[in-house]
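1. here is a sequence together with a model predicted from it:
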Amino acid sequence: MAKTSDVAVIIGSLRKASINRQVASVLVELAPPTLKLSIVEIGRLPLYNQDHDADPPAEWTAFRARIKAADAVLFVTPEYNRSVPAALKNALDVASRPYGQNVWSGKPGAVVSASPGAIGGFGANHHLRQSLVFLNVPAMQQPEAYIGGADKLFDANGKLINDRTRDFLKGFMTAFADWIAANGKS
């Protein structure tokens with residue numbers, strides 16, 4: 001029997017009704033049974049400040065512990081100004097500090113970006129991948145996931161109504177499960 005992997009899902013958008021939150025919900029739904037996905041909220045993390053490393057805020061400590069416990073990470077993000085939202089960058093910093101205590105290290109990861117625009121958050125997706133290289137997160141290279149026109153993919157209740165996108169995301173999650181199995185810690 002295959003091991004079930006605990007996957008922390010980090011959503012770059014803080015908005016409750018965000019497109020990326022809707023995409024993340026679909027990914028949770030479509031995940032193969034070998035993956036247990038849970039959304040880890042980042043909106044209440046205080047901004048990273050090295051002055052607090054000796055006595056970190058409780059939110060930092062809890063977030064670091066949750067990421068450390070995860071077997072893998074899945075990032076779902078919009079693009080802000082050709083980069084990732086500030087809250088997501090802050091989450092990366094909080095869980096990688098202080099120096100030598102990077103809890104992201106070695107965790108297989110994947111990136112999905114979604115946007116109403118045609119290029120589907122390509123800039124944010126690749127900018128995030130640059131940070132993941134430094135954080136030692138082996139990020140799945142294929143399939144790439146840039147979900148363009150994402151504002152047209154959901155009904156008024158937030159349900160995915162595009163079968164081609166559903167099939168793509170299901171295949172993405174299957175590939176991610178394989179990526180975790182091949183790159184995770186045993």
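-> Looks like it arrived, so ask away.
2. what's the longest helix in this structure?
-> Secondary structure assigned by DSSP state H gives helix 163-183 as the longest helix of the chain.
3. could you find the closest non-adjacent residue to S131?
-> L92 (5.6 Å; Cβ to Cβ, 6 or more residues apart in numbering). In this view, the C-beta of every residue, glycine as well, is placed from N, C-alpha and C.
4. hmm, I typed the wrong one, I wanted Y146.
-> Of all residues not flanking Y146 in the chain, G120 sits nearest, at 3.2 Å (Cβ to Cβ, 6+ apart).
5. likewise L132?
-> A139 (4.8 Å).
6. what's around that neighbour, how many residues?
-> By other Cβ atoms under 10 Å, 20 other residues sit near A139.
7. returning to what we had before: got the buried residues for the helix or strand hosting the residue nearest to S131?
-> Per DSSP states H and E: L92 is located in helix 86-94. Using 16 or more other Cβ atoms under 10 Å as the test for burial, helix 86-94 gives A87, L88, K89, N90, A91, L92, D93, V94.
8. redo the residues you listed as a markdown table? Include distance to K185.
-> Shown next, in a markdown table, are the buried residues of helix 86-94 (distance: Cβ to Cβ, whole Å):
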| residue | distance to K185 |
| --- | --- |
| A87 | 28 |
| L88 | 24 |
| K89 | 26 |
| N90 | 26 |
| A91 | 21 |
| L92 | 20 |
| D93 | 23 |
| V94 | 22 |
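9. of the residues you listed, closest to D163?
-> Closest approach between these and D163, by Cβ to Cβ: L88, at 29.3 Å.
10. what's the closest non-adjacent residue to that closest one?
-> G12 (4.0 Å).
11. burial of the one you found, as a residue count?
-> 29.
12. dihedrals phi and psi, V73?
-> Dihedral pair for V73: phi -130, psi 140, per degrees, to the nearest 10.
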